[in-house]
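A.B. asks: Sequence and computational prediction follow.
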Amino acid sequence: MDISTKLLTMLLAILLFVAIVGLMLFIAGWTERRSASFVGYVFLFPSILMVSVGLLYPAVRTIFQSFFDAAGKAFVGLDNYHTIFTSPDDLLVLRNTVLWVVVTPFVATAIGLLYAILVDGARGEAFAKALIFLPMAISMVAASIIWKFVYEFRPDQAGVKQIGLLNQVVVWLGGSPQQWIVNSPWNTFFLIVVMIWIQAGFAMTILSAAIKAIPDDIIEAARLDGVTAIGMFRFVTLPSIRPSLIVVLTTIGIGTLKVFDIVRTMTGGNFNTNVVANEFYTQSFRASNQGLGSALAVLLFVLVMPIVVYNIRQLRASEAR
Amino acid sequence: MSSKRSSRTLAAVSGGLGLALALAACSSGTSGGTTAATGGTTAASGECAAFAAYGDLTGKKVDVYTGIVTPEDQPYMDSYKPFEDCTHAKVNYVGDKAFETQILVRAKAGNPPDIAIVPQPGLLAQLVATGAAKAAPKAVADNVDKFWGADWKSYGSVGGKFYAAPSGASVKSLVWYSPKEFTDNGYKVPTTLDEMMALTQKIAATGKKPWCAGIGSGEATGWPITDWMEEMILRLSGPEVYDQWVTHKIAFNSAAPTAALDAVGAYLKNDKFVNGGLGDVKSIATTTFQDGGLPILDGTCSLHQMASFYASNFPKGTKVAQDGDVFAFYEPGVKASDHPVEGGGEFNLAFSDRPEVQAFQTYLSTDLWANTKAKISSTATGGGWISANKGLDVANLTNPIDKLSATILQDPKTIFRFDGSDQMPAAIGSDAFWKQATAWITGQSTKDTVDKIEAAWPKS
Amino acid sequence: MSTVTPQVDLTPEQRAALVKKSSSAGRAASIARKKATSPIASGIAVLLAVLWTIPTFGLLLSSIRPEKAIKTTGWWTFFSDPQVTLDNYRTVLSTEGASGLGSFFINSIVITIPAVLIPICLAALAAYAFAWIDFRGRNFLFVLVFALQIVPLQVALLPLLTMYVKAGIGGTFWTLWLSHSAFALPLAIFILHNFMKEIPKELIEAARMDGAGHVKIFFRVMLPLLTPALAAFGIFQFLWVWNDLLVAITFASDNTVLPLTAALANLSGTRGTAWHLLSAGAFISIIVPVAVFISLQRYFVRGLLAGGLKG
């Protein structure tokens, strides 16, 4: 296939898509006169169809498979879940996952928010934001090598130089180099740092937009009242951007639960750093234990439930308002 | 038929330029299959005559999917050229580092390639279990009987049915060392395991850490220890016990495997013996296997156990030879007369029985392909590729390590065994064994390690 | 009356609501500027920026150092012993005679553009329905879509590939467009829904009073106000698709379809030794996403301000 064929295929796809959306809108406009609520179904139809086929069906299938054995043939009831909650290795995996989900969203959001406030309206704001955003633009393949140059360990002996920046700093300060990604439990935090490094840019971008949208009269009024910078943040900024904060925390929290490539490329899940998402991947695709892999995936659904419930309650509250 | 083919090959091989000429002649005759059939008098079309049995495959395509990527991929593609030029079929080579997980997904989803180059018998069995794989045609089976023998054929078979012919091979029973250091200090290449330990202690007595190792390999971290353990079982308990261990006829935590892992620990878990140039015992876990043997070059390490393919791992300009910067010796057995050898290799598994796929599969199982590939690899990547194909002419290998490895493989005294963890079920061979071996090197006891692996062995 | 003119006519209330909503950015910024001038604040901002950039900067320097230097010394050695080479880039750009990086680059573009446009359009419509149309089952469907965010896309790989093969589109660009769109929808709908909820209720109600239908409101009122949100999500979706490796190698099985990331992942070599090449390759792959961010970022902020001028 040459370039022009590819580009033509792409154009064709886009045109086809536009035609489908056009048809949808036509149907929506036509039915609208009879029933306004019907428009809702028309608007939703393509999205619901796609997520049903692409996500819902596989999810249900996974739940189903989690009650079967490694080959997916014999029904084993809750055996796979029993395995997860009794094996010390898997319990460690659970502990690590909780650690990731508790630490990452809050730290990444806090840093993103702090930075968004600090550079807001400053000279060179766009450039300053691009710097923090940069990690988001980097693929995992690249990120893994970037952090190799940070955490790499070389022994403390003549003729051997450090390659990892962190150990070089330790050596400059007179210490001896450490094996950052081996020594548990701190190694988990060193891996979490990578996720925070990536996600802070996401938080910063969304929150910065939210801060800029704070109605001017509120700020003006607060200023006339002589509110301090910290007071301004607490009583004006924070309440105004609350919905965006929830979006950011939720998105990063869910993203963190699903992240597996950081762990996979940096430790392979060894040295007590494994997390549920990585163990799920290992069991499903390497160890070919479909049942246990599915059970771990289901565990991921369950872990996210509190986040879903919280968001729904927020939604209800805002609707009542 | 195949004997005729191989004699013609040899003629072309000895000509040096013969292959190039043949390719030129072949590609000029693109009008169809008749050219090759009629022009049987010249040496060039004689070269193509080796492919005559496959017929004219103009317009046919064969998809090859593999985990072998740059820079080793180009020699593969080049070695397919004679087939493409003479049969006019097209071979589409796709290399993907995630091959080992992706091939299973593709096979299960009904989207397999025509041919996959599978690096482990365990994975081969999993692929056959999906029902998508096709048994090898008779021509391939005949070639394997002729050029490999029963043991290699069994590694390419599942449940008694023969599926895949071997492709490349590697010899794992090698210990890398610096010939210059050995000469300067009067060290002798050990011929028994006891001598190897004595040499280790001798070097350690000078205050130098003799061994270096690295087991880091991303999600596969830990596998070099499985190789160490396999070597030890094979040597200490013999090939029969080795086979029982691999097929789980004896438990993973029984006496023989436990003793073998302890024997590995005598080297790798002794702070006086490791990790030359790289740190303490724990540093083995974080050093990548690629870096594990490099300290030999700067003299901070003397010995490193790793397979033959490690030759290509040394920086450009390193002389890998008996009189060079670095070389390898055969890791000895308990007695000097023992010749146990552990190795690995790839297999060509087909997912289609279309004539062009079977023709290509047959070509890959010939000595013609093995020699063509060996020659191309020798010039393109400085070697680093061998085959256990007995028709492989050692003279076509330029790299001394390749020569050594091929000689070891073809030695009639050799008792060859395939990498054990590669044959175990995936839950062990690509998960628990690696993970527990890594935990073991960072402090877990031998008993806990073998117990946990035994517990992970799939029931049924 | 408002139905005839192409430019939407807003009632005074609508206009007021719009202005109130979005004209604030300019002055808010001026207040913030005062804050940022405090030396401690600037100090912290600079510190964060430096911390965030150093790892990537290390990669940049590594990518122009010779192989031996990369493997034996840290990248900061560059300052005391500057050895520069373009060999890494040269090797990366010249590998694979038949299909160079260029063709993978085109594939990435062909994959990414529809995979960004499709989910954004569909999600905007769905988010509008969830936010402003009353229909039975709305809450249930919203919770369902929201909860689907957690499905690890790996569980979908095998069933989807099976379906694609059965449908006869296995290995084509279509599989990637459809998969990326489906995977992106839950998050896109969630984010856009929250943005839409922020739009003053009066605005929609006033338009409804005027007799405007949902289709019209969506295009005339919502879309212009949504520009920043769409740009924001567009950036993220672009990055995810551009940097994706797993989805691509699962559904695309051929070099004619595989994206840049697949070529990059293989650059490190069969045994992963070539990280000098990987550093150069990684840098090449960063260029496009960063360019997209910088260009869209301006639009992102401007879109927010422009919203106020529309009325």
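C.D. replies: Received it, and whenever you're ready, just let me know what you need. Bear in mind that the values here come from a model prediction, so they are computed numbers and not experimental data.

A.B. asks: so which residue of chain B comes closest to chain A?
C.D. replies: Residue nearest to chain A within chain B (Cβ to the nearest Cβ): residue B:279, separated by 3.5 Å. For the C-beta atoms, the positions are set from N, CA and C on the backbone; glycine is no exception.

A.B. asks: tally of neighbours for the nearest residue to that residue once chain neighbours are set aside?
C.D. replies: In space, and not counting its chain neighbours, residue B:279 is closest to residue A:155: 3.5 Å by Cβ to Cβ, 6 or more residues apart in numbering or on different chains. When neighbours are defined as other Cβ atoms under 10 Å in any protein chain shown, residue A:155 has 19 of them.

A.B. asks: and the gap between the spatially most central residue of chain C and chain B?
C.D. replies: Central residue of chain C (Cα atoms, centre = their mean): residue C:236, 2.1 Å from the mean position. Distance from residue C:236 to chain B, counting by Cβ to the nearest Cβ, to the nearest Å: 24 Å.

A.B. asks: can you list the domain ranges for the chain.
C.D. replies: No chain was given, so I picked chain A. Following automatic domain parsing, one gets these domains for chain A: A:3-65, A:79-320.

A.B. asks: think we crossed wires, I meant chain C
C.D. replies: Taken from automatic domain parsing, chain C resolves into C:39-85, C:102-307.

A.B. asks: Now render the domains of chain A as a markdown table, adding distance to residue B:239 and mean pLDDT.
C.D. replies: Putting the domains of chain A into a markdown table (distance: least, Cβ to Cβ, whole Å; pLDDT from 0 to 100) gives the following:
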| stretch | distance to residue B:239 | mean pLDDT |
| --- | --- | --- |
| domain A:3-65 | 40 | 92 |
| domain A:79-320 | 27 | 89 |
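
A.B. asks: Residue C:260 is nearest to which of these?
C.D. replies: Closest to residue C:260 of the domains of chain A, according to Cβ to Cβ: domain A:79-320, at 8.9 Å.

A.B. asks: before we move on, the earlier item: please identify the deepest-packed of the domains of chain A.
C.D. replies: Highest mean neighbour count of the domains of chain A: domain A:79-320, a mean of 20 (counted as mean count of other Cβ atoms under 10 Å in any protein chain shown).

A.B. asks: what's the offset of that one from the middle of its chain?
C.D. replies: Domain A:79-320 sits 7 Å away from the centroid of its parent chain (Cα atoms, centre = their mean, to the nearest Å).

A.B. asks: Around chain B, which positions in the stretch 201-321 of chain A sit nearby?
C.D. replies: A:264-265, A:267-271, A:282-283, A:285-289 (Cβ under 8 Å from any Cβ of the partner chain).

A.B. asks: Of these, which is the nearest to residue A:77?
C.D. replies: Of these, the one sitting nearest to residue A:77 (Cβ to Cβ) turns out to be residue A:289, at 16.0 Å.

A.B. asks: show me what contacts the closest one?
C.D. replies: A:70, A:283, B:427, B:458 (Cβ atoms under 8 Å, 6 or more residues apart in numbering or on different chains).

A.B. asks: the strands in the chain, which residues?
C.D. replies: Chain wasn't specified; assuming chain A. Under the criterion DSSP state E, chain A carries no strands.

A.B. asks: was after chain B, sorry
C.D. replies: B:61-66, B:90-95, B:115-118, B:157-158, B:161-162, B:165-171, B:174-177, B:304-305, B:327-330, B:340-350, B:415-418.

A.B. asks: Near chain C, which residues of chain B? Just list them.
C.D. replies: Contact residues, chain B versus chain C (Cβ under 8 Å from any Cβ): B:63, B:65, B:67-73, B:92, B:94-98, B:102, B:105-106, B:108-111, B:113, B:217-218, B:288, B:290-291, B:309, B:312-313, B:315.

A.B. asks: now these: which count as buried?
C.D. replies: B:63, B:65, B:67-73, B:92, B:94-98, B:102, B:105-106, B:108-111, B:113, B:217, B:288, B:290-291, B:309, B:312-313 (16 or more other Cβ atoms under 10 Å in any protein chain shown).

A.B. asks: circling back to that earlier point, which one of the domains of chain C is the most hemmed in?
C.D. replies: Across these, averaging neighbours per residue (mean count of other Cβ under 10 Å) puts domain C:102-307 on top, at a mean of 21.

A.B. asks: which residue packs closest to residue 106, ignoring adjacent ones?
C.D. replies: All of this refers to chain A. Residue A:106 sits nearest to residue A:249 (Cβ to Cβ, 6+ apart), 7.3 Å away.

A.B. asks: please go with chain C instead
C.D. replies: Residue C:106 sits nearest to residue A:3 (Cβ to Cβ, 6+ apart), 5.4 Å away.

A.B. asks: How about residue C:72?
C.D. replies: Once flanking residues are discounted, residue C:72 sits nearest to residue A:161: 6.5 Å by Cβ to Cβ, 6+ apart.

A.B. asks: hang on, that neighbour packs against residue A:154?
C.D. replies: Yes - contact criterion Cβ atoms under 8 Å: residue A:161 and residue A:154 qualify, at 6.7 Å.

A.B. asks: Flag every residue of the stretch 151-300 of chain B that's near chain A.
C.D. replies: Counting by Cβ under 8 Å from any Cβ, the stretch 151-300 of chain B sits next to chain A at B:217-222, B:275, B:277-280, B:282-283, B:285-286, B:298, B:300.

A.B. asks: Name only those of the residues you listed that count as buried.
C.D. replies: Buried among these (16+ other Cβ under 10 Å): B:217, B:219-222, B:275, B:277-279, B:282-283, B:285-286, B:300.
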